[in-house]
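Enquirer: what shape does this take:
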Amino acid sequence: MINAFEFQKVKTSMLPSTWREDGALEELEKFLQSNWEQRGIFYSDKEVSSRQQFIDFDRRDGFKTQNYIGTITFRDEQLNIFPKIFKEDEDDYNASKLDIHDLIDDLIMWLGYCDKFNFPFVSMKGEMDDTETFLELLITVYVHYVKAAVDRQPFFRYEEVEEVGSTPKGKIDFKDYATRKYPASQWNKLHYTYSNFVFDNMLNRIIKCTCRMLDGITTQINNRRIIHNILMKLGDVADTNCMPYDCDAVHLNALQANYTIILSMSKVFLLNKVSSQNMGVSETFCFLFPAELLFEGFIGGFMREAFSDRVKLYTQTRDLFLTELVVDGEVIGNRFQLKEDIVVQADDAIIVLDTKYKEIDRLDRIKKDSDRLGITEADMKQMAIYANRRGAKRMYLLYPLYRGTMPEETEVVFNIIDGRGDAAVKIPLQILQVPFAFGDDAEKTKMLLLDILGKTVQAQ
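Expert: Numbering: from 1, shown residues only. Predicted coordinates for the structure are as follows:
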């Protein structure tokens, strides 16, 4: 097992022997590419590249991890990629002492509040307390999804059935009768097709095949119990050795959204099952998340749950545009949509918060005129635009703290100057560091987060 941080160079000498074999990394890259193409099942990271961005293989010696955290299991060896906030300091790249269970616990916490991922984590927190691996985490999600769907509404669908007989129904193939059956003296045999509302359909066969596969992998008794219950309810469904491309042949409508997610997750399991020279899913697996999306989604979800009874809170707003397009005097429409992470309305005050999953300089070190704490000019201009268009009274930039560290007491505020001369208005933009990694005392960290974020939503 190898541990690494985001954006860390992993030299060839650090890799397991099976990964150093000729062609192994090329095979690993192809495997990650297939998972990259399916990541939209779980989240949209706005990454437009068709080439996988999980790991940078364009290196002479080894490879470099990117901004995706989680685990990759390949040739029965595991690479765990930890968030950079798990480092003890900025220059710390020794991840060997880290425990994968800490990352799993935090990931469950983050996803429990985040609505940017297609997982039912909010209703399943208690079920995942004993989860010890990322693979087990995904299995837990899947079997609960399937159980809920099968219990609530078993999946039936109309499928075309072809038969030959003397009592036809549906559509008769008269051409077949004239050219084959009649010349062969089979006057009472007609070939016909009709639609039948069946339970033994391709989707249920895919689910049954996936559950049988997971039954041999899961180590959790509760997961196995749920799988056996599902298989019993799918007893009338044929046992079929399904492949990933079988999932593409199943077409669902908007009213079958729960089964759409199940179908997508089934494809992921089947894809991993046959990838990398048909290795088993327990030997080859990929489970990675974009860290920025996790931070943004977690903070927004946490604030929504904590403060929605006190203030009006909106996440990922899309109601404002930067420009209006006019062509030959005719207004064509709005262009350049703004999207603030979090907008709070507390009494008559509008407050805008933006999350930045970036490392920032110590707040007590901003002494010289040139110091910016590592805040980029683009980020500051973005906040100035938000302040102007939203009419905000206060602004906040939120940065994650390193695990195990406390927020600094130094208060740093950039006053955004809106307007000119005597008409200029100063809008305070405060820099805040918030805990993101929960460590050993999750409740204490939650209380600290509540205290910090609670001050941002207070009317002043």
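
Enquirer: quick one: the helices in the protein?
Expert: Remark: helices assigned in the chain by DSSP state H are 24-36, 100-113, 134-152, 174-176, 202-215, 221-233, 244-248, 257-278, 291-307, 377-390, 442-456.

Enquirer: now do the buried residues in the last one.
Expert: So the one you mean is helix 442-456. By 16 or more other Cβ atoms under 10 Å, the buried positions in helix 442-456 come out as T445, L448, L449, I452, L453, T456. Backbone N, C-alpha and C define where each C-beta goes, glycine included.

Enquirer: who are the contact partners of the third one?
Expert: Shown here is L449, whose contacts under the criterion Cβ atoms under 8 Å, 6 or more residues apart in numbering are F302, V434, P435.

Enquirer: I'd like the average pLDDT over stretch 408-425.
Expert: For stretch 408-425, mean pLDDT rounds to 88.

Enquirer: from the chain's centroid, how far away is it?
Expert: Relative to the mean C-alpha coordinate of its chain, stretch 408-425 is positioned 36 Å out (Cα atoms, centre = their mean, to the nearest Å).

Enquirer: list the contacts for the closest residue to K84 other than its chain neighbours?
Expert: Once flanking residues are discounted, K84 sits nearest to E6: 4.7 Å by Cβ to Cβ, 6 or more residues apart in numbering. In this structure, E6 makes contact with T65, Q66, N67, Y68, I69, I81, F82, P83, K84, A291, judged by Cβ under 8 Å, 6+ apart.

Enquirer: kindly recompute the last result at 7 Å.
Expert: The contact partners of E6, by Cβ atoms under 7 Å, 6 or more residues apart in numbering, come to T65, Q66, N67, I69, I81, P83, K84, A291.

Enquirer: export those as JSON lines, with columns for pLDDT, distance to F42 and neighbour count.
Expert: Below are those laid out as JSON lines (pLDDT from 0 to 100; distance: Cβ to Cβ, whole Å; neighbours: other Cβ atoms under 10 Å):
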{"residue": "T65", "pLDDT": "96", "distance to F42": "19", "neighbour count": "21"}
{"residue": "Q66", "pLDDT": "95", "distance to F42": "17", "neighbour count": "19"}
{"residue": "N67", "pLDDT": "94", "distance to F42": "16", "neighbour count": "20"}
{"residue": "I69", "pLDDT": "94", "distance to F42": "13", "neighbour count": "25"}
{"residue": "I81", "pLDDT": "95", "distance to F42": "16", "neighbour count": "27"}
{"residue": "P83", "pLDDT": "95", "distance to F42": "18", "neighbour count": "24"}
{"residue": "K84", "pLDDT": "93", "distance to F42": "22", "neighbour count": "21"}
{"residue": "A291", "pLDDT": "93", "distance to F42": "14", "neighbour count": "23"}
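
Enquirer: in the residues you listed, find the pair that's most separated.
Expert: Using Cβ to Cβ, those span at most 12.3 Å, a distance reached by Q66 and P83.

Enquirer: hang on, the earlier thing: indicate which one of the helices of the chain is closest to D76.
Expert: Closest to D76 of the helices of the chain, according to Cβ to Cβ: helix 257-278, at 10.5 Å.

Enquirer: okay, and for the stretch 151-300 of the chain, where does confidence drop off?
Expert: Along the stretch 151-300 of the chain, the model assigns pLDDT under 70 to residues 272-283.

Enquirer: let's see that with 50 instead.
Expert: 274-282 (pLDDT under 50).

Enquirer: what's the neighbour count on the closest residue to K147 other than its chain neighbours?
Expert: Nearest non-adjacent residue to K147, counting by Cβ to Cβ, 6+ apart: I226, 5.3 Å away. I226 is surrounded by 23 other residues when neighbours are defined as other Cβ atoms under 10 Å.

Enquirer: same thing with E340?
Expert: Counted with other Cβ under 10 Å, residues neighbouring E340 total 23.

Enquirer: and what of E27?
Expert: Using other Cβ under 10 Å, E27 has 17 neighbouring residues.

Enquirer: how long is stretch 284-300 end to end?
Expert: Taking Cα to Cα, to the nearest Å, the first and last residues of stretch 284-300 lie 34 Å apart.

Enquirer: related to what we said a few turns ago, what about the contacts of E6, which are in strands?
Expert: Within the contacts of E6, residues falling in strands by DSSP state E are T65, I69, I81.
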